[in-house]
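*Asks:* 3D, please:
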Amino acid sequence: NKVNQTWTRTSTVLDTRSSAHADVLFDGTKLYVLSHVYSEVAQSGATTPVTLYRLSYSGGNWTMDTGFPRTVLRGQMESLTLTKDGTGRLWATWVEDAAVKYITSADGLTWSGRATLPGANASTLLTTDDISAVVAFNGRVGVLWSAQKPNGLGTTSFYFATHVDGAATTAWTTELVASAANLADDHVSVLATSDGTVRAAVKTSIQTGTAPEVELITRTPAGSWSRVPVWRQSDDVTRPVLVIDATHSVAHVYATSPDGGGDIWRKSSPLSSPTFPVGMGELAINDEAAGSQLNDATASKQAVTSATGLVVQVSDNADRVYWHHWDPLS
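*Replies:* As a prediction, the model looks like this:
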């Protein structure tokens, strides 16, 4: 409730399994929730269902659509993300056996078998700790992933594979996003805006105090990549999440500090010329109780506006309480 900042439980029950993690997608009509059981290292041989829920909103409540929930594959993984392309096709991606995997469906009911993205960069350079994330943009689908295994030059990298809507589901083109010694880490938050620009907040593994710990990377519609630092290693932040304010054309990045749980911090920058001030930024959520461990910020995939406001939700690992940050963007 935007007026009094309260949450209300609905009668809609989703995944009741322990350690269930979910990615959520709203396409303007339907709400999709793709839920899996978390495992830090993907368990491809596990028979645990990965479940897709599709819901409709009516009368103040979410109701399950006919034919759902649906088992889309079996296994356990660290991170699994979902998007819908311009033709209505659903795509999901994750890392398994140190390779980037994906599945796809035209209707959400019948899904392809798990496939590996083509090219050596999607398999030979990954570790079991890497993750991938999928985003729809400008008539395409893109998968961004970390590759933490050093290549022949001793560098680690981020890569991005694109698929044109309507093309064969196996047709992908891979781009090198960035490469440097100890660059890649398995923290990725990727979004796209209506003009076809793709942006992501990523964490690095560089250990030098003045080096960037979190970067904002940007892909122009023409396919050119650039990077700017958000936080430095000395700031000791982790788990960045990106939010785009479409009303004011501003990128907001939220992150946890210290690493392992503490407070939630925010930095902001105009999209037109991204640059973030040095330092911690502004305190977004703070629990003054001793031993609090606020962590795992999450936000909307859609761009937010002054009509919607901006909500970031976090959990406290110490006392199992949810918190949220609200900015009306007025």
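*Asks:* give me the sheet partners of the helix or strand bottoming out on mean pLDDT in the chain and which way each runs.
*Replies:* In the chain, the helix or strand scored least confidently by mean pLDDT, DSSP states H and E is strand 61-64, which has a mean of 92. Take DSSP bridges as the rule and strand 61-64 pairs in its sheet with strand 49-58 (antiparallel).
*Asks:* re earlier: for the least confident helix or strand of the chain, which outside residues touch it?
*Replies:* 10-12, 31, 53-57 (CB atoms under 8 Å, 6 or more residues apart in numbering). Quick note: C-beta positions are derived from backbone N, CA and C, even for glycine.
*Asks:* mind giving me the PyMOL select for the residues you listed, buried ones only?
*Replies:* The buried subset of those, as determined by 16 or more other CB atoms under 10 Å, is captured in PyMOL by this line:
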select buried, resi 31+53+54+55
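*Asks:* widest-spaced pair of the contacts of strand 61-64?
*Replies:* 11 and 54 (17.1 Å; CB to CB).
*Asks:* let me see the mean pLDDT of whatever helix or strand comes next after the least confident helix or strand of the chain.
*Replies:* Note on strand 61-64: by DSSP states H and E, the next helix or strand toward the C-terminus is strand 70-74. The average pLDDT within strand 70-74 is 97.
*Asks:* the helix or strand following strand 70-74 - contacts with which helices or strands?
*Replies:* Remark: after strand 70-74, the chain's next helix or strand is strand 81-84, criterion DSSP H and E. Contact here means 3 or more CB pairs under 8 Å, 6 or more residues apart in numbering; DSSP states H and E; on that basis strand 81-84 packs against strand 20-26, strand 31-37, strand 90-96, strand 132-137.
*Asks:* neighbouring strands for the helix or strand following the last one, and are they parallel or not?
*Replies:* Using DSSP H and E, the helix or strand that follows strand 132-137 towards the C-terminus is strand 140-147. In the sheet, strand 140-147 lines up against strand 132-137 (antiparallel), strand 156-164 (antiparallel) (DSSP bridges).
*Asks:* before we move on, the earlier item: can I get the helices and strands packed on strand 81-84 in a markdown table including mean pLDDT and distance to residue 192?
*Replies:* Formatted as a markdown table, those follow (pLDDT from 0 to 100; distance: least, CB to CB, whole Å):
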| stretch | mean pLDDT | distance to residue 192 |
| --- | --- | --- |
| strand 20-26 | 97 | 13 |
| strand 31-37 | 98 | 17 |
| strand 90-96 | 98 | 13 |
| strand 132-137 | 98 | 3 |
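*Asks:* distance to residue 307 added to those, as TSV?
*Replies:* Output for the helices and strands packed on strand 81-84, formatted as TSV (distance: least, CB to CB, whole Å):
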stretch	distance to residue 307
strand 20-26	15
strand 31-37	19
strand 90-96	27
strand 132-137	22
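*Asks:* residue closest to the middle of the protein?
*Replies:* residue 189 (3.8 Å; CA atoms, centre = their mean).
*Asks:* for that one, list the residues it contacts.
*Replies:* Applying CB under 8 Å, 6+ apart to residue 189 gives the contacts 133, 200-202, 240-242.
*Asks:* buried sites along the least confident helix or strand of the chain?
*Replies:* residue 62.
*Asks:* what of stretch 134-148?
*Replies:* Neighbour-count burial for stretch 134-148 [16+ other CB under 10 Å]: 134-138, 140-148.
*Asks:* and for stretch 264-276?
*Replies:* Applying 16+ other CB under 10 Å to stretch 264-276 flags 264-269, 271, 274, 276 as buried.
*Asks:* in helices only, show me those.
*Replies:* For the buried residues of stretch 264-276, not one is inside helices, with DSSP state H as the criterion.
*Asks:* mind putting these in CSV, pLDDT and distance to residue 213 included?
*Replies:* Putting the buried residues of stretch 264-276 into CSV (pLDDT from 0 to 100; distance: CB to CB, whole Å) gives the following:
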residue, pLDDT, distance to residue 213
264, 96, 16
265, 97, 12
266, 98, 15
267, 98, 12
268, 98, 17
269, 98, 16
271, 97, 21
274, 96, 16
276, 98, 12
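*Asks:* of the residues you listed, closest to residue 297?
*Replies:* Nearest member of the buried residues of stretch 264-276 to residue 297, counting by CB to CB, is residue 264, at 5.6 Å.
*Asks:* for that closest one, name its beta-bridge partners.
*Replies:* residue 256, residue 285.
*Asks:* distance of it from residue 316?
*Replies:* Going from residue 264 to residue 316 by CB to CB, to the nearest Å gives 11 Å.
*Asks:* quick check: neighbours shared by those two?
*Replies:* Common neighbours of residue 264 and residue 316 (CB under 8 Å, 6+ apart) are residue 294.
*Asks:* show me where pLDDT drops low in the stretch 201-330 of the chain?
*Replies:* By pLDDT under 70, the stretch 201-330 of the chain has no low-scoring segment.
*Asks:* ranges for the helices of it?
*Replies:* Applying DSSP state H, counting those that start in this stretch to the stretch 201-330 of the chain gives no helices.
*Asks:* now do the strands in it.
*Replies:* Assigned by DSSP state E, counting those that start in this stretch, the strands in the stretch 201-330 of the chain fall at 212-219, 225-232, 238-245, 250-257, 263-270, 282-285, 294-299, 310-316, 321-327.
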